[in-house]
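>>> Okay, sequence plus prediction incoming.
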Amino acid sequence: MTAAGDRAWVEAAVAEHEAGLLRFASTIVGAAAAFDVVQDTFVELCTADRSQVEGHLAAWLFTVCRNRAISVRRKSARLRPEEEGNVDAMADSSPGRAIEAKDDARLVAAAMQGLAERDREVVSLRFAGDLSYKEIAEVTGLSVSHVGVILHQAIKSVRAEVARRQEGARR
């Protein structure tokens, strides 16, 4: 493969996976540090052997991103909640809807903090990273069926906690 071909391959990977990696990394290290983690991930892709990565690029990227984010989190010795908000811009620009969406995101983020770290990671890989169960299994080392069980239980728990918090807010 030519250098230009490798460059085009990396650029296509960035275009396809950058947003998901940013969302995922921000769940581990916060939005501000997520950019550096994702940049480090793509730098590592530039030096990786393409033949070893092709065929499971998404899983490889999310594994590298996860490992780097955990390393950054350990180095900073603190876990920050998602107070900075979502990395993506709000799709609906109306002020009322933006406030509601931010409130909803805070409720979900607060409910997710009650999950075990592994469960939060699996949920983040699925929804922030948009990975398949198989890809999540590759990233985490869990079986595909175990990923499904964790997701089912975690989502059920988050829904119940959000409902509990909403009910408490209405009183």
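That came in fine, so what should we check first?

>>> And the next helix or strand past the lowest-mean-pLDDT helix or strand in the chain?
Counting by mean pLDDT, DSSP states H and E, the chain has its least confident helix or strand at helix 95-113, which shows a mean of 72. Sequence order places helix 117-127 as the next helix or strand after helix 95-113, per DSSP states H and E.

>>> Tell me what angle the helix or strand where Gln153 lies forms with helix 117-127.
Using DSSP H and E, Gln153 sits in helix 144-170. Direction vectors for helix 144-170 and helix 117-127, defined by axes from the mean of the first three to the mean of the last three Cα atoms, to 10 degrees, enclose an angle of 90 degrees.

>>> buried sites along helix 144-170?
Residues of helix 144-170 classed as buried by neighbour count (16 or more other Cβ atoms under 10 Å): Val147, Ile150, Leu151, Ala154, Ser157, Val158, Glu161, Val162. (Each C-beta comes from the backbone N, C-alpha and C, glycine too.)

>>> repeat for stretch 9-21
Trp9, Val10, Ala13, Val14, His17, Glu18, Ala19, Gly20, Leu21.

>>> In CSV: these, plus secondary structure.
Compiled in CSV, the buried residues of stretch 9-21 are given as follows (DSSP: H, G, I helix; E, B strand; the rest coil):
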residue, secondary structure
Trp9, helix
Val10, helix
Ala13, helix
Val14, helix
His17, helix
Glu18, helix
Ala19, helix
Gly20, helix
Leu21, helix
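
>>> Kindly indicate which of those residues lies nearest Leu61.
His17 (5.3 Å; Cβ to Cβ).

>>> residues contacting the closest residue to that closest one other than its chain neighbours?
Computed as Cβ to Cβ, 6 or more residues apart in numbering, the closest residue to His17 that is not its neighbour in sequence is Leu61, at 5.3 Å. By Cβ atoms under 8 Å, 6 or more residues apart in numbering, the residues touching Leu61 are Ala13, His17, Leu21, Thr41, Leu45.

>>> Would you confirm that the third one contacts Val64?
No. Under the criterion of Cβ atoms under 8 Å, Leu21 is not in contact with Val64, lying 9.2 Å apart.

>>> Find residues that contact each of the two.
Counting by Cβ under 8 Å, 6+ apart, the residues touching both Leu21 and Val64 are Thr41.
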